[in-house]
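Peer 1: what follows is a predicted protein model with its sequence.
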Amino acid sequence: MARKPCRHRSSGKFNYVNRWIKYLLCVANFYFMMAGCLLFVLGVIAFAESGIVNRKSSVSLLQWIFNLTVLVFGVGLITTCVAFTGFIGSLRENQCLLKFYYISLALLFVCETVIGVFFFVYRESAISRIEEVVKKTFISQYREIGFEDSTNFVDFIQIELQCCGAKSYNDWTENRYFSCNSTNISSKACGVPYSCCKRMNNINVSARKHCSNTNFLVWHLFRLRERCRFFSHILFVSCGCDTR
């Protein structure tokens, strides 16, 4: 039979549940639940191995929130909880769980819509805010102990998008290793990461770590909303600025 009678104790009436819809919902939520569990476990493992807990006093709240391991952990937890209620609710035909399921989906949809509309209406302010967040989190925590995943993520983004920094290469002055001031005696001072360099094929293992003693052109990103492009008339020494 395609339909199964379901009796509700409160009303004493029968409702019919389409089995195809029921099991399709079960299967879909089961896969989402497994994916959420995988993200959750990976987030926990990465968080434990990052060592960020041991240096929590030097980590700001903003860096905690935008840490990749925390984001993966949070997304996995939310996905698992929502998919679990959908899976059990549809399997057991539990109205309470199903109501929680569709209310959760509705709230997520509303949040995404509000964020999208806000970003469209206040685009300039949103872009400026994103640039500020990127500088205070991903750039400032670059190469710090416990943020290796964020470091790899930044390198991947800059290499793939051929850009440097959130707005320009000057953003890297926010990083204590690349800051250009008299107190920074690091060999990387006034420089940028190797992933900012254009001629990646010419960088050896040592240069990938220090990006020094070699001249490279550096990618430049004007705005987050624009394509990455570069200044061909600017030559950078040690991936630091040397205008000519």
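Peer 2: Arrived safely. Computed from a prediction, not measured in an experiment: that's the story for all the values here.
Peer 1: hmm, Ala126 is touching Phe119, no?
Peer 2: Yes - at 4.7 Å, Ala126 counts as touching Phe119 under the criterion of C-beta atoms under 8 Å. C-betas here are computed from N, CA, C, even on glycine.
Peer 1: avg pLDDT for the longest helix along the chain?
Peer 2: Longest helix of the chain, by residue count under DSSP state H: helix 19-50. Averaging pLDDT along helix 19-50 yields 87.
Peer 1: and stretch 185-199, by the same measure?
Peer 2: For stretch 185-199, mean pLDDT is 78.
Peer 1: how many neighbours does Leu161 have?
Peer 2: 12 (other C-beta atoms under 10 Å).
Peer 1: domain parsing for this structure?
Peer 2: Per automatic domain parsing, the domain ranges recorded for the chain read 3-121, 138-243.
Peer 1: now the weakest link among those domains, please, by mean pLDDT.
Peer 2: domain 138-243 (a mean of 64).
Peer 1: where does Gly89 sit: helix, strand or coil?
Peer 2: With DSSP: H, G, I helix; E, B strand; the rest coil as the basis, Gly89 sits in helix.
Peer 1: when you give positions from now on, start the count at 791
Peer 2: All right, first residue 791 from here; so that's Gly879.
Peer 1: pretty sure it is touching Leu887, no?
Peer 2: Yes - checked against C-beta under 8 Å, the pair Gly879 and Leu887 is within contact range at 3.1 Å.
Peer 1: looking at the two, which is more packed in?
Peer 2: Per other C-beta under 10 Å, whichever of Gly879 and Leu887 has more neighbours is Gly879, with 21 against 17.
Peer 1: show me what contacts that one?
Peer 2: Residues near Gly879 by C-beta atoms under 8 Å, 6 or more residues apart in numbering: 885-888, 890-891.
Peer 1: got a ChimeraX select line for the buried ones in these?
Peer 2: Only the buried entries of these go into this ChimeraX selection, using 16 or more other C-beta atoms under 10 Å:
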select :887,888,890,891
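Peer 1: would a markdown table of the contacts of Gly879 with distance to Ile835 and secondary structure be doable?
Peer 2: Compiled in a markdown table, these are given as follows (distance: C-beta to C-beta, whole Å; DSSP: H, G, I helix; E, B strand; the rest coil):
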| residue | distance to Ile835 | secondary structure |
| --- | --- | --- |
| Gln885 | 37 | helix |
| Cys886 | 33 | helix |
| Leu887 | 29 | helix |
| Leu888 | 33 | helix |
| Phe890 | 29 | helix |
| Tyr891 | 28 | helix |
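Peer 1: ok, so of the contacts of Gly879, who is nearest Phe946?
Peer 2: The closest of the contacts of Gly879 to Phe946 turns out to be Tyr891 (C-beta to C-beta; 34.9 Å).
Peer 1: contacting residues around that closest one?
Peer 2: By C-beta under 8 Å, 6+ apart, the contact set of Tyr891 is 872, 875-876, 879.
Peer 1: which residues does the closest residue in space to it that isn't next to it in sequence contact?
Peer 2: Spatial nearest neighbour of Tyr891, excluding adjacent residues (C-beta to C-beta, 6 or more residues apart in numbering): Gly876 at 4.2 Å. Applying C-beta under 8 Å, 6+ apart to Gly876 gives the contacts 815, 818-819, 822, 887-888, 891.
Peer 1: tell me the one among the residues you listed nearest to Asp961.
Peer 2: Within those, the smallest distance to Asp961 is 36.8 Å, found for Phe822 (C-beta to C-beta).
Peer 1: burial count for the closest one?
Peer 2: Neighbour tally, Phe822, other C-beta under 10 Å: 17.
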